[in-house]
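Chemist: sequence and predicted model, in that order:
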Amino acid sequence: MPVLAALLVSFPILSHLAVLGGMGEGASLGLVGLVTLLIVLRQSHLTRRVLVFLAGLGVGYGLWQIGQGVWAMQALPLFIYGALFLSFASTLRRGQEPLVSRIARAIRGELPPSAARYTRRVTQLWAGYFVLMFFVALGLALWAPLPVWSWFANVLGYGLTAAVFLLEFFVRRRVLRELSHPDLKGYFVQLARCDRTILRGREG
């Protein structure tokens with residue numbers, strides 16, 4: 001599993017290097033193979049593993065035959081940003097507890113009103129950010145040269161997301177200064193320990 005985790009983390013950079021080297025099709029087929037591997041590892045029955053593996057081979061072969069395998073690679077950030085947008089935006093509906101509020105409550109317990117208001121605004125921020133990134137990635141996929149799209153999708157996009165995360169982390173400490181805050185490493189540890197049943201939310 002450590003090898004698989006390292007591959008997941010390094011895949012965007014490897015894909016970008018492949019695109020710059022004129023091997024975009026190969027990067028796309030590698031993505032299909034990686035997704036297939038992840039699904040296979042989640043299956044408990046041998047028959048299902050074989051079926052998923054054969055399906056992955058079929059998808060990869062089909063993309064290679066039609067010469068449009070790059071589509072698979074360009075669809076990945078759209079799927080990621082779209083899924084993240086829906087994850088945050090869907091919790092902003094009336095009667096729902098915002099996603100960032102759920103995470104904060106899972107870590108801290110009940111939130112004071114100031115923290116509840118702040119975490120709702122942060123949920124709105126992330127929803128707006130991810131929908132913006134979705135349309136930028138879509139526009140570049142449709143109209144920009146593949147290397148330009150790759151710079152954004154495989155390098156800049158992840159860097160911007162990390163920068164927004166860090167900026168919010170430090171802004172939170174100033175806005176909610178009346179609360180105690182862990183350092184960055186401690187915050188990641190707390191996130192990892194969150195009870196996933198709490199993250200499902202509750203009626204707001």
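Modeler: Okay, I see it. Numbering: from 1, shown residues only.
Chemist: any stretches of this structure with poor pLDDT?
Modeler: Along the chain, the parts satisfying pLDDT under 70 run over 1-11, 14-18, 22-69, 195-204.
Chemist: quick one: the helices in it?
Modeler: 2-20, 24-42, 46-66, 70-89, 99-108, 113-143, 146-150, 157-175, 184-192 (DSSP state H).
Chemist: mind listing what L111 touches?
Modeler: 101, 104-105, 119 (C-beta atoms under 8 Å, 6 or more residues apart in numbering). (Glycine included, C-beta is placed from N, CA and C.)
Chemist: return the member of those residues nearest to G186.
Modeler: For these, the minimum distance to G186 (C-beta to C-beta) is 14.4 Å, reached by A104.
Chemist: what about that closest one, how many neighbours?
Modeler: 22 (other C-beta atoms under 10 Å).
Chemist: please list all residues in contact with it.
Modeler: Per C-beta under 8 Å, 6+ apart, neighbours of A104: 111, 115, 119.
Chemist: correct me, but the second one touches S180?
Modeler: No: with the criterion set as C-beta atoms under 8 Å, A115 and S180 do not qualify as a contacting pair; they are 11.7 Å apart.
Chemist: compare these two (neighbour count), which wins?
Modeler: Between A115 and S180, counting by other C-beta under 10 Å, A115 is the more crowded of the two (20 against 8).
Chemist: and the more buried one, what does it touch?
Modeler: 104, 108, 176, 179.
Chemist: top of these by neighbour count?
Modeler: A104 leads these on contacts (other C-beta under 10 Å) with 22 neighbours.
Chemist: for that one, give its distance to A163.
Modeler: 21 Å (C-beta to C-beta, to the nearest Å).
Chemist: equivalent analysis for A75, please.
Modeler: 25 Å.
Chemist: so the two - more neighbours on which side?
Modeler: Legend: neighbour count by other C-beta under 10 Å for A75 and A163, higher for A75 (16 against 10).
Chemist: now do the same contact list for that one.
Modeler: For A75, counting by C-beta under 8 Å, 6+ apart, there are no contacting residues.
Chemist: what about it, distance to P147?
Modeler: 18 Å.
Chemist: with Y129 instead?
Modeler: 24 Å.
Chemist: tell me how this protein divides into domains.
Modeler: 1-68, 74-204 (automatic domain parsing).
Chemist: and the contacts of A104, which is closest to P12?
Modeler: Using C-beta to C-beta, the contacts of A104 come closest to P12 at T119, 28.9 Å.
Chemist: give me the number of residues near that closest one?
Modeler: Neighbour tally, T119, other C-beta under 10 Å: 22.
Chemist: how much space separates it from P112?
Modeler: 11 Å.
Chemist: one more: F165?
Modeler: Distance from F165 to P112, by C-beta to C-beta: 23 Å.
Chemist: got it, and P182?
Modeler: From P182 to P112 the distance is 17 Å (C-beta to C-beta).
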